[in-house]
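Trainee: Fold the stuff below for me.
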Amino acid sequence: MSDKLWNISPLDGRYSSKIEHLAQIASEAALIRYRIQVEVEWYIALSEAPEVSELDELSVAQKSKLRTLYHDFSSADAKKVKEIETVTNHDVKAVEYFLKEKAIEILGKENLEFFHFACTSEDINSTAYALMLKDLNKNVTEQLKLWMSILSEKAIQWKEIPVLCRTHGQPASSSILGKEILVFRQRVKGQLDTLQEVRFRAKMSGAVGNFNAHVAAYPEVDWLSFSRDFLENRLGLSCNEITTQIEPHDEMAVLFDNLSRIASIAIDFARDIWLYISFDYFAQQTKAGEVGSSTMPHKVNPIDFENAEGNFMLARNLFRFLADKLPVSRLQRDLTDSTVLRNIGLAYGYFAVALKSLIQGMDKLKANTGAIAGDLDNHWEILAEPIQTVMKRYGIKNPYEQLKVLTRGQKIDREILRKFIDQQELPADIKDRLLKLTPATYTGIASELINNKLL
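Mentor: Numbers count the residues shown, from 1 in each chain. The predicted structure follows:
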């Protein structure tokens, strides 16, 4: 059925408009296009090797025309490859036959057998997936940088708003709202720095990684150098020189582990914002025509953060599975990695949907300073911490225990604390400083931390 409403995956149905850009990178057609790119560039590289004398170097025009086979790759081309695959029952061999058919118009009928020369399917696949992941990583990095920039903006925007913290869900010392946002900005930055260091590794070394067929045909060629130059200089990838039939995917595992950690950070953020909204710390800007509940007209639900949380959980679990499974293969290879690799797009797709929801939700947030201030003013007991700490400095006995008796489980206000402070044997200026302290001013250097990092 062509109607997207009948698709099983929500990525291809409900959320398809949010991830259309990923279809150009992580779809079946995109994988075929990457395979064609690898096959074409391998053919061109062989043509430029002086030792491969049977294959004349191609003209500039011929190279350009060959490259149009992947630059101008179309849906019709993808369907043609899939038609060939119904006969071959082998996806990479179908690409080889497709190229031979297309290349006749460019090269004539000679030398077509140099397509896929000495390659095993996994030479093509490992390189195609490395190119795919490189492009996916570029896309996700751009989106994460956008989220980071929004976090930075919000941290600065809210750098003067004191807020009551909660540890174990209970009232704790005060902070600045912008600084609590800054925490997540710094966490994302740390993981993004790691993400940008990931290598995209591939191999072009034959059936079991030893260049067996290559050497049999052209023993005079330094195939290790040739392979390294092809992958690193022509395609901008990292060459794995010691492999079995497959590139063992260890670097993929590093990448997916990293993305799963970013998803965990985003889940943590989405849950915190959800809680702040439930405390009425944030109001959400409404949009005409939107409905929050089918029966309760007043509701403005934090759906963007709920959608983000759920989809990040899906992405995280998929990335973790990929990281755990892909480095494991029996002996020189089995096919379990092949079927699993086809789900890379799912993980990135759910990640992209989640990140868009998170960014969309943040755009609707407005700090409710009245509710935040009211919550602070309702919890004077948090000043037990600074009072007992100052008492310790000046040698007063059992300050912690005194404040525990006064405040634990008790309703405390400014007047109760004022009387307690007045009773202490403290220097007058210290008493004065403590008496001026409020839950809203007890924020340490939170604002300075924002300034140091962002201004």
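Trainee: Give the closest residue to the residue nearest the centre of the chain in space, chain neighbours not counted.
Mentor: For the chain, the residue nearest the mean C-alpha position is L259 (4.4 Å; C-alpha atoms, centre = their mean). The spatial neighbour of L259 that comes closest, neighbours along the chain excluded (C-beta to C-beta, 6 or more residues apart in numbering), is F319 at 4.8 Å. (Glycine included, C-beta is placed from N, CA and C.)
Trainee: how close does the one you found get to S260?
Mentor: The span separating F319 from S260 equals 4 Å under the rule C-beta to C-beta, to the nearest Å.
Trainee: what's the answer for K364, then?
Mentor: To S260, K364 is 27 Å away according to C-beta to C-beta.
Trainee: Same question for G345.
Mentor: 16 Å.
Trainee: before we move on, what about S329?
Mentor: Using C-beta to C-beta, we find S329 at a distance of 21 Å from S260.
Trainee: now E306
Mentor: Remark: distance between E306 and S260 (C-beta to C-beta) = 20 Å.
Trainee: again with K138
Mentor: For K138, the distance to S260 equals 19 Å [C-beta to C-beta].
Trainee: quick revisit: so if I had to pick from F319 and S260, which one is more boxed in?
Mentor: Just comparing F319 and S260: by other C-beta atoms under 10 Å the higher neighbour count belongs to F319, 25 against 22.
Trainee: Show me the shaky parts of the stretch 51-200 of the chain.
Mentor: Using pLDDT under 70 as the threshold, the predicted model of the stretch 51-200 of the chain has no low-confidence range.
Trainee: in the protein, which spans are strands?
Mentor: Taking DSSP state E, the strands of the chain run over residues 162-167, 170-176, 201-202, 238-239, 282-284, 365-367.
Trainee: Look at T443 and say how many residues are nearby.
Mentor: Number of residues near T443 (other C-beta under 10 Å) recorded here: 18.
Trainee: you'd agree it is up against E160?
Mentor: No. Using C-beta atoms under 8 Å as the test, T443 is too far from E160 to be in contact (10.0 Å).
Trainee: which residues do these two both contact?
Mentor: Residues touching both T443 and E160 (C-beta atoms under 8 Å, 6 or more residues apart in numbering): I176.
Trainee: so what's the residue nearest to L259 up against?
Mentor: Contacts for F319 were tallied using C-beta under 8 Å, 6+ apart; they are 256-257, 259-260, 263, 347, 351.
Trainee: Count residues in the vicinity of Q332, would you?
Mentor: Burial measure for Q332: 13 neighbouring residues, criterion other C-beta under 10 Å.
Trainee: cool, S447 as well?
Mentor: 17.
Trainee: just checking, A172 touches R166?
Mentor: Yes. Counting by C-beta under 8 Å, A172 sits close enough to R166 to count as a contact (5.8 Å).
Trainee: Buried residues, the helix ranked longest in the chain. List them.
Mentor: When every helix of the chain is counted residue by residue (DSSP state H), the longest turns out to be helix 121-157. Along helix 121-157, the positions that meet the burial threshold by neighbour count (16 or more other C-beta atoms under 10 Å) are 121-137, 139-140, 143-144, 147-148, 150-152, 154-156.
Trainee: try stretch 154-173
Mentor: By neighbour count on 16+ other C-beta under 10 Å, the buried set for stretch 154-173 is 154-156, 158-159, 161-164, 171, 173.
Trainee: and of those residues, the nearest to Q24?
Mentor: Comparing the buried residues of stretch 154-173 against Q24 with C-beta to C-beta picks out K154 as the nearest, at 31.3 Å.
Trainee: Spit out the contact partners of the closest one.
Mentor: For K154, the contact set (C-beta under 8 Å, 6+ apart) comprises 178, 181, 362, 365.
Trainee: ok, now which ones touch the residue nearest to D304 when sequence neighbours are not counted?
Mentor: Nearest non-adjacent residue to D304, counting by C-beta to C-beta, 6+ apart: G361, 2.9 Å away. Under the criterion of C-beta under 8 Å, 6+ apart, the contact list for G361 reads 270, 273, 284, 302, 304-305, 308.
Trainee: And R35, by the same measure?
Mentor: Contact criterion C-beta under 8 Å, 6+ apart gives 91-92, 95, 124-125, 128 as the residues in contact with R35.
Trainee: If we use 7 Å, what do you get?
Mentor: 92, 95, 124, 128 (C-beta atoms under 7 Å, 6 or more residues apart in numbering).
Trainee: next one: P162
Mentor: 174, 176, 376, 440, 443.
Trainee: which non-adjacent residue is nearest it?
Mentor: In this structure, P162 finds its nearest non-sequential neighbour in A440, 4.3 Å apart by C-beta to C-beta, 6+ apart.
Trainee: if we can go back for a sec, which of the buried residues of stretch 154-173 lies closest to W380?
Mentor: Here the nearest of the buried residues of stretch 154-173 to W380, counting by C-beta to C-beta, is P171; it sits at 9.8 Å.
Trainee: ok, the nearest residue in space to that closest one that is not next to it in sequence to G444 distance?
Mentor: Leaving aside its sequence neighbours, P171 sits nearest to H379 (C-beta to C-beta, 6+ apart; 4.4 Å). H379 sits 17 Å away from G444, going by C-beta to C-beta.
Trainee: can you tell me which residues contact L341?
Mentor: By C-beta under 7 Å, 6+ apart, the contact set of L341 is Y129.
Trainee: likewise the one 4 residues further on?
Mentor: Neighbour list for G345: 22, 26-27 [criterion: C-beta under 7 Å, 6+ apart].
Trainee: any idea which of those has the most stuff around it?
Mentor: Among the contacts of G345, A26 has the most neighbours (other C-beta under 10 Å), with 25 neighbours.
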